[in-house]
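Student: below are the sequence and a predicted model for it; my questions follow.
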Amino acid sequence: MKETKVTMEKILNLCKGRGFVFPGSDIYGGFANTWDFGPVGVELKNNVKKAWWKRFVQENPNAYGLDAAILMNPRVWDASGHTASFSDPKMDCRECKTRERADNLIEDYAKKHNLNVVPDNMTNEEMQNFIDEHKINCPKCGKHNWTPIRQFNLMFETSRGVTEEGTNKVYLRPETAQGEYVNFLNVQRTTRAKLPFAIAQIGKSFRNEITPGNFLFRTVEFEQMELQNFCKDENALDLYKEFKERALKFVEDLGLDGEKLRFHDHDKLAHYAKAACDIQYYFPIGWQELNGIHHRSTWDLSRHQEYSGKSMLYTDPVTNEKVLPTIIEYSIGADRLVLALLCEAYDEETLEGGETRIVMHFHPAIAPYKVAVLPLQKNLSEKAKEVYSLLAKDFMCDYDESGSIGKRYRREDEIGTPFCVTIDFDTLENNSVTIRDRDTMEQIRLPINEVSAYVSQKIKF
Ligand code: ATP
């Protein structure tokens with residue numbers, strides 16, 4: 001592990017200062033727990049999504065993409081169980097009106113007092129008793145005067161229709177998965193896919209989280225990258241195990257340190273689930289879920305079959321056997337992964353001479369800009385712009401001609417640009433440039449027409 005102490009505050013400051021992420025609705029004083037990705041952040045997040053899609057769709061002959069609507073028929077959420085039970089146990093402090101999640105209060109208390117209590121395994125009554133017995137106070141005002149626990153549904157409601165009376169309640173989807181489930185047979189029929197196959201989707205989800213926070217970690221609006229695997233039940237456990245490994249390998253290949261990753265198998269399972277596991281990452285706020293892998297049995301398709309009245313059965317083309325597929329779900333938050341990658345990449349290095357540089361050691365495949373083109377002097381800018389135009393055909397490039405070359409290198413280090421191409425007077429003579437490596441700071445000389453191939457080979461994922 002690197003020696004730099006990474007804190008959420010350092011990451012947030014860098015993000016705001018360098019254009020990764022800004023507070024949402026900033027000029028209105030922000031809007032709690034919403035964030036806008038800036039010019040550098042949008043490239044980073046897009047590259048993370050591209051890397052995921054490449055790994056799990058492009059390189060997987062049995063996976064098919066989908067982009068389903070965010071607003072779905074409200075019956076979907078009855079079938080999925082979200083209208084009835086997608087909720088958190090909340091309590092309000094009668095003194096200062098703060099709303100807290102009972103399970104979070106217990107979790108924090110247990111951590112502080114080294115107790116082995118898992119609120120996920122407790123009923124509301126047990127949680128209430130625990131909070132009273134241990135006199136767990138409001139973290140904001142310090143008093144102990146809680147309302148009873150009530151379940152708080154996390155779905156955002158909106159309405160659809162032109163007249164006040166004629167409107168219908170609809171929901172912003174709280175997960176992308178249902179889009180894949182309801183399209184299972186559409187995808188299967190049009191692709192002639194045979195089990196096992198997967199439907200992949202990247203898209204926004206919305207949750208009215210009671211206690212969001214910790215920057216991008218828990219927000220009310222976020223993107224999920226999801227692969228729903230449909231298979232015969234006899235193959236499901238093997239597929240589940242395979243996906244645990246593939247999910248881990250993906251984040252390790254992107255650059256997350258293996259020592260900061262671990263599996264967390266769930267003790268308490270949903271009534272229909274056969275197995276469930278998270279991969280946790282050691283964020284600056286401690287070990288937290290990065291993604292989930294769930295063996296969901298045939299529950300989802302059987303519910304949609306029941307609620308829609310349409311058959312969701314798959315017909316085996318060889319045996320003509322009809323089966324309701326089992327689902328192995330792999331789901332990871334794009335924003336949460338971006339946060340982990342920002343924390344992992346961040347480093348403060350002391351250089352010879354005592355100067356410190358902040359450098360983001362992103363895997364080159366996800367770095368916002370692949371190349372920065374830097375003319376050593378202003379009167380070289382014509383040639384530098386020529387080089388920029390050439391390279392911009394292949395990659396996102398930055399162009400910077402202001403300030404000393406040292407300052408420009410630092411700026412590129414802070415946004416994680418893996419290669420800086422400098423244009424000097426020799427460039428005019430012999431069409432060669434200097435390429436500086438972000439991590440080693442070593443420089444090599446290359447003909448201009450070889451730069452693109454050199455960079456392409458280094459940024460492969
Ligand atoms: P958590 O326990 O952290 O609330 P979850 O178990 O409800 O997460 P899932 O429904 O399995 O999460 O969602 C899959 C992934 O989506 C999570 O592993 C996480 O990466 C991401 N995710 C879920 N909720 C949020 C959120 N509020 N903000 C950002 N990312 C989220």
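Tutor: That came through, no problem.

Student: pretty sure residue 51 contacts residue 461?
Tutor: Yes: using CB atoms under 8 Å, residue 51 is in contact with residue 461, at 5.1 Å. Where you see a C-beta, it was placed from the backbone N, CA and C, and this is true even at glycine.

Student: which one of those two is surrounded by more residues?
Tutor: residue 51 (19 against 15; other CB atoms under 10 Å).

Student: quick check: neighbours shared by residue 51 and residue 461?
Tutor: Common neighbours of residue 51 and residue 461, using CB atoms under 8 Å, 6 or more residues apart in numbering, are 254, 365, 366.

Student: who wins for neighbours among the residues you listed?
Tutor: If you rank these by neighbour count (other CB under 10 Å), residue 366 sits at the top with 24 neighbours.

Student: can you tell me which of the shared contacts of residue 51 and residue 461 are in helices?
Tutor: Among the shared contacts of residue 51 and residue 461, no member falls in helices (DSSP state H).

Student: tell me which of these is nearest to the ligand?
Tutor: residue 254 (14.1 Å; CB to the nearest ligand atom).

Student: number of nearby residues for the closest residue to that closest one other than its chain neighbours?
Tutor: Distance criterion CB to CB, 6 or more residues apart in numbering; nearest residue to residue 254, sequence neighbours excluded, is residue 363 at 5.5 Å. Neighbour count for residue 363, taken as other CB under 10 Å: 20.

Student: isn't residue 363 up against residue 252?
Tutor: No: applying CB under 8 Å, one finds residue 363 not in contact with residue 252, separated by 10.5 Å.

Student: can you give me the domain boundaries for this protein?
Tutor: Structural domains assigned to the chain are 8-83+156-343, 87-153, 369-458, following automatic domain parsing.

Student: and the pLDDT for residue 96?
Tutor: pLDDT for residue 96: 92.

Student: do residue 429 as well
Tutor: The predicted local confidence for residue 429 is 95.

Student: wasn't it part of a helix?
Tutor: Yes: assessed by DSSP: H, G, I helix; E, B strand; the rest coil, residue 429 belongs to a helix.

Student: for it, give its distance to the ligand.
Tutor: Between residue 429 and the ligand the computed distance is 52 Å (CB to the nearest ligand atom, to the nearest Å).

Student: likewise residue 442?
Tutor: 37 Å.

Student: grab the nearest non-local neighbour of that residue.
Tutor: Leaving aside its sequence neighbours, residue 442 sits nearest to residue 436 (CB to CB, 6+ apart; 7.3 Å).

Student: which SS state does that neighbour fall under?
Tutor: Going by three-state DSSP: residue 436 is strand.

Student: show me where the stretch 101-250 of the chain has its helices.
Tutor: 102-112, 124-133, 177-182, 184-191, 233-253 (DSSP state H, counting those that start in this stretch).

Student: closest to the ligand out of these?
Tutor: helix 177-182 (8.3 Å).

Student: is the ligand within reach of that closest one?
Tutor: No: Helix 177-182 does not reach the ligand (CB under 6 Å from any ligand atom); its nearest approach is 8.3 Å.

Student: ok, stretch 210-222 next?
Tutor: Yes: counting by CB under 6 Å from any ligand atom, the ligand is contacted by stretch 210-222 at 218, 219, 222.

Student: scan these and report the most crowded one.
Tutor: Those, ranked by neighbours (other CB under 10 Å): first place residue 219, 23 neighbours.

Student: who is the closest residue to the ligand within the stretch 101-250 of the chain paired with across the strands?
Tutor: At 3.6 Å from the ligand, residue 222 is the closest residue in the stretch 101-250 of the chain, using CB to the nearest ligand atom. Assessed by DSSP bridges, residue 222 has beta-bridge partners residue 205.

Student: hmm, residue 334 and it touching each other?
Tutor: Yes: assessed by CB under 8 Å, residue 222 is found in contact with residue 334 at 7.3 Å.

Student: wait, what's in contact with residue 331?
Tutor: 175, 176, 177, 224, 225, 226, 227, 291, 292, 293, 294.

Student: let's see which of these end up in strands.
Tutor: 224, 225, 226, 227, 291, 292, 293, 294 (DSSP state E).

Student: now the first one, nearest residue through space, not along the chain?
Tutor: Read that as residue 224. Nearest non-adjacent residue to residue 224 (CB to CB, 6+ apart): residue 176, at 4.8 Å.

Student: am I right that that neighbour is in contact with residue 227?
Tutor: No: contact between residue 176 and residue 227 fails when scored by CB under 8 Å: they sit 10.5 Å apart.

Student: looks to me like residue 57 is in a strand.
Tutor: No: counting by three-state DSSP, residue 57 falls outside a strand, being helix.

Student: follow-up on the earlier one: quick check, the residue nearest to residue 254 in a strand?
Tutor: No: membership of residue 363 in a strand is not supported by three-state DSSP, which gives coil.

Student: count of neighbours near residue 401?
Tutor: Counted with other CB under 10 Å, residue 401 comes out at 16.

Student: just residue 240 next, same as before
Tutor: Residue 240: 23 neighbours (other CB under 10 Å).

Student: what's the burial count for the spatially closest residue to it that is not a sequence neighbour?
Tutor: Take residue 240 and drop its neighbours on the chain: the residue closest to it by CB to CB, 6+ apart is residue 295, 4.6 Å away. Using other CB under 10 Å, the number of residues around residue 295 comes to 23.

Student: report pLDDT for residue 295.
Tutor: pLDDT at residue 295 comes out at 97.

Student: list the contacts of residue 303.
Tutor: With CB under 8 Å, 6+ apart, residue 303 has these contacts: 79, 80, 81.

Student: and the helix or strand hosting it, which residues are buried?
Tutor: In the assignment (DSSP states H and E), residue 303 maps to helix 299-308. Within helix 299-308, the residues scored as buried using 16 or more other CB atoms under 10 Å are 299, 300, 301, 303, 304, 305.
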